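Peer 1: Sequence plus predicted model, see below.
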Amino acid sequence: KIRFSPTMVQSYSGSITITSDATNLPSYNLSVDGSGTPPATPPSISVAPATLNFGPVHIGGYPVDMGFDITNTGETNLNVTTITLPFADYTIMAGNPPFTVNGGATYNVKIRFSPTMVQSYSGSITITSDATNLPSYNLSVDGSGTPPATTPSISVAPATLNFGPVHIGGYPVDMGFDIT
């Protein structure tokens, strides 16, 4: 085995001479070529969008899902170890760590917001990784819990319309009712 381990950014070429007592080929020159390239760039994190804004969500209503992308702008693997959410009312639905993002690749994480109280839910989602630029990345998140949606209701008054006896061909009887 021959190992090539360049120390400079440049092209390398040469030959290895193999000598033996073989009668058919007592000497052989093996050509070797290679090039030294710059070291691979370390993992670097980029997150989009910069903010997740869930807006107002009714307590007990339908939860709202939003996603964000983690992109590794480096060439070596990015290892995401934890994602910390600011409130229990936020849940990771897809992309739960730990996971690896290859160099130049993107990974999607989906967050669900399902508020349990009438209040503001502003804070930061913290993404911890081995990124050299931001090993602890804070993604702004905002949402608010609103009172449960009111259920539509109807009332009719009076509850009964009693026309009494009305003669065929006689005077008609008109009655009204209110709907609220």
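Peer 2: Sure thing, it's come through. The model shown is predicted, which means the values in this text are computed figures rather than measured ones.
Peer 1: Contact partners for T51?
Peer 2: By C-beta atoms under 8 Å, 6 or more residues apart in numbering, the residues touching T51 are 139-142. All C-beta atoms are positioned from the backbone trio N, CA, C, and that covers glycine.
Peer 1: what's the offset of the helix or strand bottoming out on mean pLDDT in the chain from the middle of its chain?
Peer 2: Using mean pLDDT, DSSP states H and E, strand 156-157 stands out as the lowest-scoring helix or strand of the chain, at a mean of 77. Distance of strand 156-157 from its chain centroid, counting by C-alpha atoms, centre = their mean, to the nearest Å, is 51 Å.
Peer 1: before we move on, back to that, just the buried members of the contacts of T51?
Peer 2: Buried members of the contacts of T51, counted by 16 or more other C-beta atoms under 10 Å: 139, 141.
Peer 1: before we move on, back to that, would you mind pulling the contact partners of the least confident helix or strand of the chain?
Peer 2: For strand 156-157, contacts defined as C-beta under 8 Å, 6+ apart pick out 177-180.
Peer 1: Turn the contacts of T51 into TSV, including distance to A22.
Peer 2: Formatted as TSV, these follow (distance: C-beta to C-beta, whole Å):
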residue	distance to A22
L139	67
S140	72
V141	73
D142	77
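Peer 1: Many thanks, we can stop here.
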